[in-house]
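Trainee: This is the structure alone, sequence omitted:
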């Protein structure tokens with residue numbers, strides 16, 4: 001079972017952190033949490049009901065428990081109390097470092113009680129889902145004070161919208177970690193697939209979601225355009241009334257009640273729909289809204305706080321309270337391509353779940369006290385690996401050959417399909433300083449590096465890609481340079497070779513110092529040459545993008561005011577591989593533009609200026625040998 005080995009206080013060898021999740025094992029949202037948490041922890045799941053097949057397959061028998069009890073429609077804890085002693089026994093037996101209750105008013109209540117007088121001490125995380133804090137505590141004083149009791153006992157509280165966090169703070173004034181359930185990744189978008197006449201709603205057919213209002217709004221659209229079609233997915237106790245209303249409005253041929261649909265069908269409809277309806281009376285951030293934004297649908301939303309966190313009326317969607325403004329909708333549809341691009345940027349920055357969970361894990365696993373805890377002068381070598389069987393031995397051997405021997409090497413395998421893992425494990429068996437962590441999903445270099453960072457115990461963080469090679473005196477010379485000059489970030493010159501290291505193509509010289517604006521003009525820092533002093537920088541992480549995540553790390557750190565210092569002696573051999581992501585220069589330029597314009601938001605002309613400087617320096621920095 002995959003887990004991150006995290007250095008614990010008074011245990012610098014490290015033990016696996018166990019993470020117990022208590023919630024509804026039949027929920028797809030809980031499945032999403034568990035999938036991501038398994039990248040970092042040894043996860044145990046206690047379900048109040050049963051387990052959906054996908055979640056059941058993720059867990060071994062000794063890592064899943066089912067209470068098979070019912071939660072009432074209000075989310076109250078009635079029926080849970082009888083399971084208190086059983087939950088305590090599971091906690092005492094499995095000894096988790098973290099216990100995360102999903103849905104505060106039921107699962108959270110039981111964990112809060114279990115924490116009182118528990119023999120095993122654990123960190124209690126209470127995750128709000130919506131009605132458990134938006135509706136339940138406001139029914140009566142007893143419910144209110146029960147939620148306040150839970151929020152008081154919790155060490156951490158999470159919610160998925162700023163609005164929900166503000167409500168939590170009204171009940172108990174405390175810190176709340178706010179991040180949405182989000183998407184696994186940003187999906188592909190093809191504007192040519194869009195059907196101007198197709199509208200979609202992916203909400204339950206229940207009173208809270210006001211599908212009757214969706215039908216009424218759509219009827220206004222249909223009156224202007226009788227080619228318009230509306231697809232209503234899901235089920236609910238209002239279905240019969242809604243079907244009758246559809247007939248009364250003359251929409252029987254324009255509206256399809258398609259029921260529950262699988263993920264592939266949802267993706268197909270999102271990809272084709274021009275607009276998406278979501279008009280609930282009360283809601284937190286809806287995953288279906290995030291999906292619609294990611295697939296380029298123009299959102300038509302109800303006037304509630306959570307929706308306004310994502311959409312500005314008339315700018316990137318519609319917020320309606322009564323009649324739908326058809327003229328405004330038409331203007332938005334004419335600018336659909338630009339709006340789709342803007343909304344996808346919002347999703348990329350705020351709603352990619354693996355990145356959000358990575359930040360969450362960094363927060364809970366590294367308190368302020370722990371963030372400064374490291375082994376003095378130890379170098380943690382961070383190496384992501386994917387199908388690196390041809391080269392990983394040379395990379396590891398170059399670390400073993402270092403004249404400076406106070407190091408650990410953490411290699412994170414990103415679901416290799418060759419025999420990389422076997423090769424790495426052989427080295428782990430020979431030298432205990434080398435550790436291998438195996439991810440369960442192919443997640444990219446950013447997640448792999450972040451996973452290694454959470455396990456690192458060293459004062460110094462050094463990076464070495466799985467096909468690069470260090471010179472034998474690399475660590476000794478570079479650490480001496482850093483200590484003598486009191487530098488928080490350093491990088492060195494390096495040599496560029498062909499794939500088999502038979503031809504020295506050219507060398508890269510480096511400047512003495514580089515700051516934020518200097519780096520935007522010249523992305524000179526070679527990833528496998530860099531070392532960061534954690535005593536100076538503290539905790540940091542990579543932004544979860546598939547390529548150029550190293551470039552964006554340096555942009556982010558230098559933007560904070562740090563400078564990076566160059567040691568102009570070649571201490572690394574960089575291998576240019578034929579299939580390397582970085583080998584295609586045109587794609588490299590496109591990716592740097594994405595960083596400058598979309599992530600850094602430098603604006604068009606500044607982005608173009610810095611990109612031009614980047615291109616010029618990319619050619620200039622090479623010198624033949």
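Mentor: Okay, I see it. What you see is a predicted model, and the numbers here were worked out from it, not measured in a lab. Numbers count the residues shown, from 1 in each chain.

Trainee: Identify the residues contacting the nearest residue to residue 177 once chain neighbours are set aside.
Mentor: Spatial nearest neighbour of residue 177, excluding adjacent residues (CB to CB, 6 or more residues apart in numbering): residue 158 at 4.7 Å. Every C-beta, even on glycine, is put in place using the N, C-alpha and C of the backbone. Residues in contact with residue 158 (CB atoms under 8 Å, 6 or more residues apart in numbering) are 125, 126, 127, 128, 176, 177, 178, 179, 360.

Trainee: In helices only, show me these.
Mentor: Those of the contacts of residue 158 mapping onto helices are residue 360, per DSSP state H.

Trainee: which among the contacts of residue 158 end up buried?
Mentor: 125, 126, 127, 128, 176, 177, 178, 179, 360 (16 or more other CB atoms under 10 Å).

Trainee: got the phi/psi numbers for residue 43?
Mentor: For residue 43, the backbone dihedrals (degrees, to the nearest 10) come out as phi -100, psi 130.

Trainee: any idea how far residue 606 is from residue 413?
Mentor: 39 Å (CB to CB, to the nearest Å).

Trainee: what comes up buried for the helix or strand hosting the residue nearest to residue 177?
Mentor: Element membership for residue 158 (DSSP states H and E) is strand 156-159. By neighbour count on 16+ other CB under 10 Å, the buried set for strand 156-159 is 156, 157, 158, 159.

Trainee: same deal with stretch 527-546?
Mentor: Buried-residue list, stretch 527-546, by 16+ other CB under 10 Å: 527-534, 541-545.

Trainee: any chance of those residues in CSV, with pLDDT and distance to residue 497 too?
Mentor: Below are those laid out as CSV (pLDDT from 0 to 100; distance: CB to CB, whole Å):
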residue, pLDDT, distance to residue 497
527, 95, 16
528, 97, 13
529, 98, 14
530, 97, 19
531, 98, 22
532, 97, 25
533, 94, 29
534, 90, 31
541, 86, 30
542, 89, 26
543, 85, 29
544, 79, 30
545, 80, 27
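
Trainee: for the stretch 201-350 of the chain, what spans make up the strands?
Mentor: Ranges of strands within the stretch 201-350 of the chain are 229-233, 255-259, 273-278, 298-302, 318-320, based on DSSP state E, counting those that start in this stretch.

Trainee: What strands line up against the strand holding residue 158, and which way round?
Mentor: According to DSSP bridges, strand 156-159 has the following sheet partners: strand 123-127 (parallel), strand 177-178 (parallel).

Trainee: who touches the last one?
Mentor: In other words, strand 177-178. By CB under 8 Å, 6+ apart, the residues outside strand 177-178 that reach it are 156, 157, 158, 159, 160, 161, 162, 164, 165, 360, 363.

Trainee: export those residues to CSV and tack on pLDDT and distance to residue 353?
Mentor: Below are these laid out as CSV (pLDDT from 0 to 100; distance: CB to CB, whole Å):
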residue, pLDDT, distance to residue 353
156, 95, 18
157, 95, 18
158, 95, 13
159, 93, 15
160, 88, 10
161, 87, 14
162, 87, 17
164, 90, 17
165, 91, 18
360, 89, 10
363, 81, 15
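
Trainee: I'd like to know which of these is nearest to residue 433.
Mentor: The nearest member of the contacts of strand 177-178 to residue 433, counting by CB to CB, is residue 363 at 28.2 Å.

Trainee: ranges for the helices of the stretch 401-550 of the chain?
Mentor: 420-430, 445-455, 474-485, 516-521, 534-537, 549-559 (DSSP state H, counting those that start in this stretch).

Trainee: which stretch among those helices comes nearest residue 86?
Mentor: helix 445-455 (31.5 Å).

Trainee: Report the angle between the closest one and helix 549-559.
Mentor: 60 degrees (axes from the mean of the first three to the mean of the last three CA atoms, to 10 degrees).

Trainee: how much distance is there from helix 445-455 to the middle of the chain?
Mentor: 12 Å (CA atoms, centre = their mean, to the nearest Å).

Trainee: any idea of the mean pLDDT for that helix?
Mentor: Averaged across helix 445-455, the pLDDT comes to 89.

Trainee: Show me what it is packed up against.
Mentor: With contacts taken as 3 or more CB pairs under 8 Å, 6 or more residues apart in numbering; DSSP states H and E, helix 445-455 sits against strand 5-8, helix 353-365, strand 375-385, strand 407-413, strand 434-438, helix 549-559.

Trainee: Nearest residue to the middle of this structure?
Mentor: Central residue of the chain (CA atoms, centre = their mean): residue 355, 1.9 Å from the mean position.

Trainee: before we move on, back to that, wait, which of the contacts of residue 158 is closest to residue 377?
Mentor: Nearest to residue 377 among the contacts of residue 158, with distances taken as CB to CB, is residue 360, at 30.6 Å.

Trainee: Contact partners for that closest one?
Mentor: Going by CB under 8 Å, 6+ apart, residue 360 touches 158, 177, 179.

Trainee: Next: residue 234.
Mentor: Going by CB under 8 Å, 6+ apart, residue 234 touches 202, 203, 204, 205, 259, 260.

Trainee: the more surrounded of residue 413 and residue 606?
Mentor: residue 413 (23 against 14; other CB atoms under 10 Å).
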